[in-house]
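K.L.:
Provide a 3D model corresponding to the input given below.
(one chain, ligands or ions: 3)
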Amino acid sequence: MPELAQVVVDVPTMQTNQPYTYQIPPKLEKQIQVGVRVIVPFGKGKRTVQGFVVAFDKASQYEGELKPIQAVMDLQPVINSELMNLSKWLADTTYSFWISCLYTMLPNLLKAKTTRIIRIVDEVDEHIAFDIFHGRDELEMAEVQDKPAILSELFKLQKEGKITIEYQVEDRAKAKTVTGIRALLNFEQLEDERASLHANAHAQNRLLSYLQSIGSQVVKQKDAEHKTGLKAATFNQGQQKGWLEKTPVEVYRQPLAMQGPPDDAHLAAPLQLNADQQNAVNQINQAIDNHDPKVFLLQGVTGSGKTEVYLQSIANALHQGKTALMLVPEISLTPQIVNRVRRRFGSKVAVLHSSLSNGERYDEWRRIERGEAQVVVGARSAIFAPLTNLGLIILDEEHESSYKQDESPRYQAREVAKWRGKYNQAPVVLGSATPSLESRARAVKNVYHLLRLPHRVNKQELPPIEVVDMRDEIKKYGESNFSQKLLTELNDRLQKNEQSILMLNRRGFSSFMMCRDCGNVLKCPNCDISLTLHMDTRTMKCHYCGHEEPIPRECPNCHSHQIRYYGTGTEKVEQELHQLLPQARIIRMDVDTTRRKGMHAKLLRQFGQHQADILLGTQMIAKGLDFPNVTLVGVLNADTGLGLPDFRASERTFDLLSQVSGRAGRANKQGKVIIQTYNPDHYAIQDAKTHDYEKFFDQEMMLRRQASYPPYYYTVRLMASHPEEAKAARAMADIYGRLKQGLLSSTVILGPTPRAIARMKRRYYYQIVIKYKKDPYLHQLLFDILQDTQSRGFKDVQVSIDPDPQYFM
Ligand SMILES: Nc1ncnc2c1ncn2[C@@H]1O[C@H](COP(=O)(O)OP(=O)(O)OP(=O)(O)O)[C@@H](O)[C@H]1O
Ligand SMILES: [Zn+2]
Ligand SMILES: [Zn+2]
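P.N.:
Numbers count the residues shown, from 1 in each chain. Ligands and ions are numbered 1, 2, ... in the order given. A predicted model of the protein is given here:
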């Protein structure tokens, strides 16, 4: 029996990255496991904190009195052994607190200090029902968490599946249960009831037969209505007559993206693969079968059938008795892709993404953890899904910068995927039409294994792209968002009853709320910058201090209701389009029109059903959409992102143009693309025009080499802040001195410079960017610096470190 436990406590300082040792009191011996959360005393006085048990230890190694663990929060581990290992690696490679990494892996409900409810879900002994649950069917964990005798009974019951633990959320009652029915009479008694019915009471007759057929089961009333074709009123009559009772039935909340036919009876069959797809699937399957943690780079042009390759590889992993994880970037992709995965794998699929409510997320997490779901589709943080026995990990659109988390822990999901691949001896597939330079460069060096799908499934050429110089247009025709060429083509599609997609590129523009009456812009109370609208959480967030507030309904300044979202300009473009093409039916898709939950999917569905001729939107329409009737794509302003002070600006522009162009001509009709720009000669635009990834790659690699940027060099960014500018600058100067002295001379140190937005949350920021190829001193030195800045000498200075930053603003 272990006598001591190592606990990582919820006190985020670098020192607490070392676990603390606590005594395991004999009464908690059976409950303490690695990966459970516990309450422990910490520091002076009566203060207690939450922590995770990360290891066991022997008492003999320690002298003196150790404090005992006070209570245990979970009956079984919430962090399994793989994720425990991963959390340690994550803390180390992202320079973050171990405790933050552990919390990052859990669904929100397990992070917050929510109420835990233990609920009886099966028959239990009378003694338990009365002595522990006092005749109720639920119990708060807090009432018993320091009562070891009861805990150990509960522990047994949980193993037997007789109780569950739930986390109380506000919408629990509303969302968690539906009305169920159960027969109150046995077969014969129901038969007797039938005898006393009027001959014409057909509905009640049918209800009786149905009740006879379900025996003692509890059935959801909705299902019963569906099965019998009877109305709710008939069930109410049955209830009044004492034939049945109504009782709540627990259901998993169905994530929005999963709604639709939930049964496994009508799954879609795999498609017949073409030769390139077959080759890719074969190689991936071989790696799955051989437990080979290879990394594949699946480079396939838009519409080449990458998704089908993913699906058939997932099928193989499942066939081998393994599980599979598929990441897609952010919500914009999910409706179509999630549906495709679900149609193939049905109820085996769990979905994790940011627009789920906390309750839905927790339900999905629990299905995964219990092994009820074997395929997980999700956005970035789904990389921590508690799947065991992983056989395959896929990252679709691997080049997307949203795979990097831009707050602590600053992890890159691609790297986490590779770690889990190695741990599970499972291959990782990185898919893209426009791989990141980093990934493609690794494929060139055979670190990754390159698989290619060079042709579209429909055997059509990629759509021809025409670049329109907007400088000429404006000279000739005056100010407009639409060139003559684009208008002609749009008109032509209207005649032919075909559809078009128009994208307004808003890269580099922030999105803010402004009052139309008084001009008031919603600003952060702490920083000199406007709040940004976040659709996933439906809040206004400050990007710099994390301040968050609900989207306002009225202007806080003048109380006008004319408060509008600005930033995309799509509304104005839509108005102009209405004037130019009055007969066209337009669906506008931007943060404004997709604000309500479910609208995103709904608008796409409408467009798919040809309820509109033109889909006008921001970047959110560039990726993943697969509409056969779309034959024209227009980009209204290709170059807004090119001017940003960021070495990845060209790469992002090229990616975006390639992605959006790929939406045209995906089925049997020829597509066409028009790109409007003020920089027609820029290589990112020229190479996108000729669909020439290779040429772009070569050119961009050359520039990166000249400037010593990734993939030739790695980068790390350090940021220091202080309420007084001079102190932030001073701290950065000190750090600069230590870096200069401690690092190799081949390592480049840029800065210190004030950050582009120099004051945030009433603090001034300075940054340093380090570029290096290989520097054996760097890792330890950065940790030392972090550690030291938390000591007295650096009073009030906050330092953070961002490995491989995606943005440099
Ligand atoms: N082997 C096949 N036979 C017939 N149709 C296929 C085949 N593979 C894929 N398709 C169809 O071709 C279309 C394009 O495929 P898919 O969406 O998988 O391409 P993709 O490479 O993922 O595209 P993108 O990167 O542009 O999103 C889809 O409608 C898909 O159902
Ligand atoms: Zn702020
Ligand atoms: Zn106002």
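
K.L.:
going forward, measure contacts and count neighbours with C-alpha atoms only.
P.N.:
Noted.

K.L.:
wait, does stretch 669-679 contact ligand 1?
P.N.:
No - judged by CA under 6 Å from any ligand atom, stretch 669-679 stays clear of ligand 1, getting no closer than 12.7 Å.

K.L.:
what about the nearest residue to Q806 once chain neighbours are set aside, neighbour count?
P.N.:
Of all residues not flanking Q806 in the chain, S401 sits nearest, at 6.4 Å (CA to CA, 6 or more residues apart in numbering). Residues within reach of S401, counting by other CA atoms under 10 Å, total 16.

K.L.:
doesn't D804 make contact with S401?
P.N.:
No - contact criterion CA atoms under 8 Å: S401 and D804 do not qualify, at 10.9 Å.

K.L.:
how near is the residue of the stretch 601-750 of the chain found nearest ligand 3 to Y403?
P.N.:
Sorted by distance to ligand 3 under CA to the ion, the residues of the stretch 601-750 of the chain start with T618, at 26.5 Å. For T618, the distance to Y403 (CA to CA, to the nearest Å) stands at 20 Å.

K.L.:
more crowded one of these two?
P.N.:
Y403 (24 against 21).

K.L.:
that one contacts A382, doesn't it?
P.N.:
No - with contacts counted by CA under 8 Å, Y403 stays clear of A382, the gap being 10.6 Å.

K.L.:
any idea of the pLDDT on the closest residue to ligand 1 within the stretch 151-300 of the chain?
P.N.:
Distance from ligand 1 to each residue of the stretch 151-300 of the chain (CA to the nearest ligand atom) is smallest for L273, at 3.6 Å. Predicted confidence (pLDDT) for L273: 96.

K.L.:
how many neighbours does it have?
P.N.:
Neighbour count of L273, defined by other CA under 10 Å: 16.

K.L.:
give me the element it is part of.
P.N.:
Here L273 sits in a region with no helix or strand, counting by DSSP states H and E.

K.L.:
now it: phi and psi?
P.N.:
With angles defined as degrees, to the nearest 10, L273 sits at phi -80, psi 150.

K.L.:
quick check: it vs A433, distance?
P.N.:
Per CA to CA, L273 is found 18 Å from A433.

K.L.:
equivalent analysis for Q239, please.
P.N.:
Look at Q239 and A433: by CA to CA, they are 59 Å apart.

K.L.:
which outside residues touch the helix ranked longest in the chain?
P.N.:
Ordering each helix of the chain by length in residues (DSSP state H) puts helix 725-742 first. Applying CA atoms under 8 Å, 6 or more residues apart in numbering, the contact partners of helix 725-742 are 719-722, 749, 752, 754, 763-768, 777-778, 781, 785, 794, 797.

K.L.:
now with 10 Å, please.
P.N.:
718-722, 747-754, 758-759, 763-768, 770, 775, 777-778, 781-782, 785-786, 789, 793-799 (CA atoms under 10 Å, 6 or more residues apart in numbering).

K.L.:
now swap in stretch 465-476 and tell me
P.N.:
Residues outside stretch 465-476 that contact it (CA under 10 Å, 6+ apart) are 478-486, 633-638, 661, 671-681, 685-686, 688-691.

K.L.:
just those: which are in strands?
P.N.:
Judged by DSSP state E, the contacts of stretch 465-476 include V633, G634, V635, K672, V673, I674, I675, Q676, T677 as members of strands.

K.L.:
any of those buried? List them.
P.N.:
With burial judged by 16 or more other CA atoms under 10 Å, the buried subset of the ones in strands among the contacts of stretch 465-476 is V633, G634, V635, K672, V673, I674, I675, Q676, T677.

K.L.:
the third one touches L486, doesn't it?
P.N.:
Yes - under the contact definition of CA atoms under 10 Å, V635 touches L486, with a separation of 9.4 Å.

K.L.:
anything in contact with each of the two?
P.N.:
Residues touching both V635 and L486 (CA under 10 Å, 6+ apart): V468, L502, V673, I674, I675, Q676.

K.L.:
read off the pLDDT value for the last one.
P.N.:
Q676 is assigned 93 on the pLDDT scale.

K.L.:
and if you look at the second one?
P.N.:
What the model reports for L502 is a pLDDT of 94.

K.L.:
give the contact list for S304.
P.N.:
Residues in contact with S304 (CA under 10 Å, 6+ apart) are 274, 276-277, 433, 452-459, 462, 662, 666.

K.L.:
give the next helix or strand downstream of the helix or strand of the chain with the lowest mean pLDDT.
P.N.:
None of the helices or strands of the chain scores lower by mean pLDDT, DSSP states H and E than helix 172-176, at a mean of 40. Proceeding N to C from helix 172-176, the next assigned helix or strand is strand 177-183, under DSSP H and E.

K.L.:
partner strands of that following strand, parallel or antiparallel?
P.N.:
Strand 177-183 has the following strand partners under DSSP bridges: strand 219-220 (antiparallel), strand 244-250 (antiparallel).

K.L.:
tell me which of these is the most buried.
P.N.:
Burial of the strands paired with strand 177-183 is given as mean neighbour count (mean count of other CA atoms under 10 Å); strand 219-220 ranks first at a mean of 20.

K.L.:
contacting residues for A129?
P.N.:
Taking CA under 10 Å, 6+ apart, we find A129 in contact with I120, E123, G135, R136, D137, E138.

K.L.:
just to revisit the earlier point, looking at the shared contacts of V635 and L486, spot the one nearest K623.
P.N.:
Set against K623, the nearest of the shared contacts of V635 and L486 by CA to CA is L502 (12.7 Å).

K.L.:
confirm the closest one sits in a strand?
P.N.:
Yes - counting by DSSP: H, G, I helix; E, B strand; the rest coil, L502 falls inside a strand.

K.L.:
which ones are touching it?
P.N.:
Each residue near L502 by CA under 10 Å, 6+ apart is listed here: 486, 490, 588, 614-619, 621-622, 632-636, 660, 673-675.

K.L.:
at 6 Å what do you get?
P.N.:
The neighbourhood of L502, defined by CA atoms under 6 Å, 6 or more residues apart in numbering, consists of L616, V633, G634, V635.

K.L.:
equivalent analysis for Q70, please.
P.N.:
Residues in contact with Q70, defined by CA under 6 Å, 6+ apart, are I39, V40.

K.L.:
any idea how far it lies from G51?
P.N.:
With distances taken as CA to CA, Q70 is found 11 Å from G51.

K.L.:
next: K422.
P.N.:
Using CA to CA, we find K422 at a distance of 28 Å from G51.

K.L.:
tell me, how many residues neighbour the residue of the stretch 51-200 of the chain found nearest ligand 1?
P.N.:
Closest approach between the stretch 51-200 of the chain and ligand 1, counting by CA to the nearest ligand atom: M105, at 28.2 Å. Neighbour count for M105, taken as other CA under 10 Å: 22.
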